[in-house]
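A.B. asks: Okay, sequence plus prediction incoming.
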Amino acid sequence: TQLLEQSPQFLSIQEGENLTVYCNSSSVFSSLQWYRQEPGEGPVLLVTVVTGGEVKKLKRLTFQFGDARKDSSLHITAAQTGDTGLYLCAGYSGAGSYQLTFGKGTKLSVIP
Amino acid sequence: DSGVTQTPKHLITATGQRVTLRCSPRSGDLSVYWYQQSLDQGLQFLIQYYNGEERAKGNILERFSAQQFPDLHSELNLSSLELGDSALYFCASSVDPFMGTGELFFGEGSRLTVL
């Protein structure tokens, strides 16, 4: 089983601050996804990164896939209270792989 | 609303009992996934079906079983329940599981409490 380690596990910041969360593995993934989960709901996809070194931006969120396709980061600029939630990274191990493996997540709290 | 429907939303039962969780995928999605989410283990992949056939198996206990029916809905059966089986069980569906980049659409989950 390929493992994805996320750090930090918990993060509490003030509104307006910047933050970065990380997703690391010793294994290569064909693609990595980031999901956000709010209490009482299922995870919702934010982005998929496929190419090593790829950077994708979604408004104030910037996602990067490592060159070796073993790690990824999510940077949030000027965090807002609406960003509060559990951020999960997930990876497909290869072409034809049906199993999406999730990390344990980073629980983000943005305080007004 | 993801389009994936799970029932029941909440379930409380006793150790040793058996329960069935039901999932209806998004219209047109042939692939269904089951995940278990607990505080200490995170989101654990259990099993995946595509068009009625089992395609991938994860950390699913022998006491658990699942199937996907011809109308594409799926059921997860949990038997001989133990306290440690208390968790959120999520169903997800996708259009094409073969590309290795597909988005999973999750239901709202079924919260199982075993007393």
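C.D. replies: Cool, got the structure.
A.B. asks: And the residue of chain A closest to chain B?
C.D. replies: Among all residues of chain A, residue A:42 sits closest to chain B, at 2.8 Å; criterion: CB to the nearest CB. Where C-beta positions appear, they are placed from N, C-alpha and C, glycine not excepted.
A.B. asks: Which residue is the nearest non-sequential neighbour of the residue nearest the centre of chain B?
C.D. replies: Nearest to the geometric centre of chain B sits residue B:34, at 2.9 Å (CA atoms, centre = their mean). For residue B:34, ignoring the flanking residues on the chain, the nearest one in space by CB to CB, 6 or more residues apart in numbering or on different chains is residue B:46 at 4.2 Å.
A.B. asks: Show me what the one helix or strand the one you found maps to is in contact with.
C.D. replies: Following DSSP states H and E, one finds residue B:46 within strand B:42-50. For strand B:42-50, contacts defined as CB atoms under 8 Å, 6 or more residues apart in numbering or on different chains pick out A:43, A:88, A:98-105, B:30-38, B:54-60, B:64, B:66-68, B:74, B:76, B:90, B:97.
A.B. asks: Tally up the residues packed near the residue in chain B positioned nearest to chain A, please.
C.D. replies: Nearest to chain A in chain B, going by CB to the nearest CB, is residue B:106, at a distance of 2.8 Å. Neighbourhood size, residue B:106 [other CB atoms under 10 Å in any protein chain shown]: 22.
A.B. asks: what's it in contact with, if anything?
C.D. replies: With CB under 8 Å, 6+ apart, residue B:106 has these contacts: A:41-44, B:2, B:4, B:90-92.
A.B. asks: if we can go back for a sec, doesn't the residue of chain A closest to chain B fall inside a strand?
C.D. replies: No: Residue A:42 sits outside any strand when classified using DSSP: H, G, I helix; E, B strand; the rest coil, being coil.
A.B. asks: What distance do you get for it to residue B:111?
C.D. replies: 12 Å (CB to CB, to the nearest Å).
A.B. asks: When these two are compared, which one has more neighbours?
C.D. replies: Taking other CB under 10 Å, residue A:42 and residue B:111 do not tie; residue A:42 has more neighbours (23 against 16).
A.B. asks: Hmm, that one is touching residue B:1, no?
C.D. replies: No: applying CB atoms under 8 Å, one finds residue A:42 not in contact with residue B:1, separated by 10.7 Å.
A.B. asks: for the helix or strand bottoming out on mean pLDDT in chain B, which positions count as buried?
C.D. replies: Sorting the helices and strands of chain B by mean pLDDT, DSSP states H and E puts strand B:53-57 at the bottom, at a mean of 90. Residues of strand B:53-57 classed as buried by neighbour count (16 or more other CB atoms under 10 Å in any protein chain shown): B:55-56.
A.B. asks: next structured bit after that strand?
C.D. replies: By DSSP H and E, the next helix or strand past strand B:53-57 is strand B:64-68.
A.B. asks: what lines up beside that next one in the sheet?
C.D. replies: Strand pairing for strand B:64-68, determined by DSSP bridges: strand B:74-78 (antiparallel).
A.B. asks: what about the strand it pairs with, distance to the chain center?
C.D. replies: How far strand B:74-78 lies from its chain's middle: 7 Å, per CA atoms, centre = their mean, to the nearest Å.
A.B. asks: which of the contacts of residue B:106 has the most neighbours?
C.D. replies: residue B:91 (31 neighbours).
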